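[1] Predicted model and sequence below, questions to follow.
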Amino acid sequence: MTADEKSPQVLSSLTFQPSIDLIDDAYAFCDQQSLELLYCNKAFREWFDVDTLHINIEQVFTSLRTDILLKRLKKRGAYTFSLELEPESNWLPKLLEISFKFVNQDGQQYIAIHAHNMTKLLEKDALIQGHSRLIEQSNRKLARLTKQLEDENLRLNAEVEVTRKLQKFLLPTMDELLKVEAMDIACFMEPAEEVGGDYYDVLQHDDGVLIAIGDVTGHGLESGMVMLMVQMGIRTLLSSNETDAGLILSALNQAIIGNVARMNADKSLSLAMLYCQNGKVRLTGQHEEIIVVRKGGQIECIDTIDLGFPIGLVDDISDFIDDSYIDLQPGDGLVLYTDGITEAENAEKQQYEMQRLCTVISKHWSHPADVICKAITDDVYQFIGEHHIYDDITLVVIKQK
């Protein structure tokens, strides 16, 4: 049977796509048990040089591990991987995203295969590959250190304690904050458990300052490890003189999504970056609203939903990244926070919310940053009372001198 002859068993599965041979993407079906190819459209035949059916899909995708494929399909119902071809003709794609999923048709079990041309992403990938390698090298070092810790500590409590200390060691010190001459900065972070998933950093670079804040989903050991990866990745790129927040976020995303997959963890994070220089602030990335406070205590809020995309969810976020610019005069400033503050609950299940946070900020804005920071955290904990704290609490207060 040639590839042009569609298997009768599979035709009914394609009735919802009568023009499937005219679609640019490649489609195919194979038997779930034997993994034999039962149908493929024109694009599939051309891209993978298939001229006959009833061949095992391992002959089509030579790098495919079918044991991993079946295991992932049974667990999640879908499996995706990327494949680079070496086409003889320029019109053939160079990079493909191959997706597999189970299909049940008339009591028969099949695997549907969809190949999408991702060649355009190669140019974007090439732009950030160099940065990704730096992050991968740093993360491999961190992975080796983590493995050593796991081997040396026999109990989980010991591992958690080590990670908690690492997190605190990597936070900016008071001496570092005082060296930022143009700004008065105060910070606070308290994890809900021994190890938290919140992240913030203040890094000087030449005559500018990079300030970052993020929130990894969940908390605990896995979230803490992702937080450490983010901190090391940003510091690595900045030390290589990369200050373009868009490229930093893209490279960081590629590294984090790979490491999270290795960890077999379902983790992602919001992350906003602010590059401050001579009263000019460039804001990039998606996180909570950024609170801009003017000298007299007037408050403006900047929504970051259109400035980025969560890190660690999709392979490429470069199309989602954008910038917003803020001018700070002496006495103006910024307040950065994680949702552990605005979503903190009291005994009556009421949330602290944004309005109360802004009221406290405005009331105390005439004071130094550390006084403002303490006033906010004191009010949050007074509001929570004896109620359980479910999420990490992080706050960064910045005043332009």
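    Right, received. Where do you want to start? Numbering: from 1, shown residues only.

[2] Would you check that Leu177 makes contact with Val202?
    Yes: under the criterion of Cβ atoms under 8 Å, Leu177 makes contact with Val202 at 6.2 Å. Placement of C-beta: from N, CA and C, glycine included.

[3] out of those two, which sits in the busier spot?
    Of the pair Leu177 and Val202, Val202 is the one with more neighbours under other Cβ atoms under 10 Å, namely 23 against 18.

[4] Make sure that one is actually in contact with Ile185.
    Yes: with contact defined as Cβ under 8 Å, Val202 counts as touching Ile185 (6.1 Å).

[5] what touches both of these two?
    Leu177, Ile211, Val396 (Cβ atoms under 8 Å, 6 or more residues apart in numbering).

[6] can you list residues touching both of Leu177 and Val202?
    Looking at what touches both Leu177 and Val202 (by Cβ under 8 Å, 6+ apart), the common residues are Ile185, Cys187.

[7] From Arg144, how far off is the spatially most central residue of the chain?
    Of all residues in the chain, the one closest to the mean position by Cα atoms, centre = their mean is Ile311, 1.3 Å from it. According to Cβ to Cβ, to the nearest Å, Ile311 and Arg144 sit 23 Å apart.

[8] Return the set of residues that bridge with the residue nearest to the centre of the chain.
    Leu269 (DSSP bridges).

[9] list the contacts for it?
    Gly214, Val230, Leu249, Leu252, Asn253, Ile256, Ile257, Ser268, Leu269, Ser270, Leu271, Ile317.

[10] Ile389 reaches Ala344, doesn't it?
    Yes: Ile389 is in contact with Ala344 according to Cβ under 8 Å; the separation is 7.0 Å.

[11] ok, the two, which is more surrounded?
    Neighbour tally, Ile389 and Ala344, criterion other Cβ under 10 Å: the higher count belongs to Ala344, 22 against 16.

[12] isn't that one right up against Tyr352?
    Yes: taking Cβ under 8 Å as the definition, Ala344 is a contact partner of Tyr352 at 4.4 Å.

[13] Spit out the residues that contact these two alike.
    Val380, Phe383, Ile384.

[14] Those residues into a markdown table, with extra columns for distance to Tyr275, secondary structure and pLDDT?
    Output for the shared contacts of Ala344 and Tyr352, formatted as a markdown table (distance: Cβ to Cβ, whole Å; DSSP: H, G, I helix; E, B strand; the rest coil; pLDDT from 0 to 100):
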| residue | distance to Tyr275 | secondary structure | pLDDT |
| --- | --- | --- | --- |
| Val380 | 28 | helix | 96 |
| Phe383 | 33 | helix | 96 |
| Ile384 | 34 | helix | 94 |
